[in-house]
Structures are given as structure tokens and as C-alpha cells.
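> Task: produce atomic coordinates for the following.
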Amino acid sequence: MNVGERTPAGLGALGERFALEFLKRRENYRIVATNVRIPIGRASRGALVLGELDIVAYDGDVLVFVEVKTRTSEEVVRAEGGVDWRQRRALSRAARAYRHWLHLESAVYRFDLVTVVFGNGASPEITLTPGAFEDWYKA
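Numbers count the residues shown, from 1 in each chain. A predicted model of the protein is given here:
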């Protein structure tokens, strides 16, 4: 399948696969979970709200929540521009719920960003930004 034929959902899944391999092979992250969907609260009408964590890994002893952004080009907006304050807040809530669920509240953790840009070349350009943003809820 070539990049022009990819649906947005398919493109995102492909980007996550590339990011996963990049983190394992080039950065030596230990992957513990992918595509984690976890309850983070309730909407105003009582519906359950789920947060999603693209990749959960360890970089040494640090628990890392990795957000993956995939694009076919960065002409309009850079991939990292896709993580606005609302998404950062949702990621923070999901990470907090994940840490609580596994009794890791005292673990050292951070949020990384991996951007995957499929240009005209055969391989995508992959960039890792460790500590890309702070926890929304940290005091």
C-alpha cells in the first residue's frame, strides 16, 4: 500500500508500528504496552470517557508514555503541533489512571513524542523528543 492510499486511521497505525520498532531497536526502550485504553472519568451526561496511551515503555528506570504523531507531510502543520493542550490534559489523565491501576504512583515518569513523517522517500523520517511536555496535573 502506498502512502497516498492510506486512510488516516491506517496511516496512524502504520506510524505507530514504525515508532514502536524505532523505540525498541534504535533507542532500546522496553515496551510494556501499546494502544492502552483506560477509563479517565465520566462526561457530563455520565458516559464513560476513555483515554488512550499509544505506547508505554521504560527508558532505563523511567516509565515513559509515548505519544505518536504521523503525517504524510509537514507542509501545513508540524507533527508535534498535533498535541494541543486538550490532548496533553487527556494524556496526563490517562497516564495518571495507568499509574494508579498498576500501583506505580511513585514511579519516575515522563511524556515523550515520536513524530513519523512519510515524505517522498521509501522510509519515513522518525524523530524522538524525550520529555516533550510536562504532566498537566503535576504541581
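
> separation between W85 and W136?
Distance of W85 to W136, computed by CB to CB, to the nearest Å: 8 Å. All C-beta spots, glycine's among them, are computed from the backbone N, C-alpha and C.

> What mean pLDDT does stretch 99-111 get?
Average pLDDT, stretch 99-111: 96.

> what does stretch 120-139 give?
Stretch 120-139 carries an average pLDDT of 83.

> who touches it?
With contact meaning CB atoms under 8 Å, 6 or more residues apart in numbering, stretch 120-139 is reached by 15, 18-19, 22-23, 27, 59, 64, 67, 79-80, 83, 85, 88-89, 91-93, 95-96, 109-119.

> what about burial for these, which qualify?
15, 18-19, 22-23, 59, 64, 67, 79-80, 83, 88, 91-93, 95-96, 109-118 (16 or more other CB atoms under 10 Å).

> Poorly predicted segments of this protein, please.
1-8, 73-82, 121, 138-139 (pLDDT under 70).

> So which residue is dead centre in it?
Central residue of the chain (CA atoms, centre = their mean): E67, 1.4 Å from the mean position.

> distance of it from V114?
E67 sits 7 Å away from V114, going by CB to CB.

> Next: V68.
Distance, V68 to V114, by CB to CB: 5 Å.

> which neighbours do the two share?
19, 55.

> Ends of stretch 38-54, what's the gap?
Distance across stretch 38-54, first residue to last, is 11 Å (CA to CA, to the nearest Å).

> Distance from it to the middle of the chain?
Relative to its chain's centre, stretch 38-54 lies at 17 Å (CA atoms, centre = their mean, to the nearest Å).

> Pull out the buried positions in that stretch.
38, 40, 51, 53-54.

> got a list of contacts for that stretch?
16, 19, 33-37, 65-68, 90-91, 93-98, 101.

> ok now do L91, which residues does it touch?
By CB under 8 Å, 6+ apart, the contact set of L91 is 51, 53, 65, 67, 83, 111, 136.

> Could you rerun that using 7 Å?
Going by CB atoms under 7 Å, 6 or more residues apart in numbering, L91 touches 65, 67, 111.
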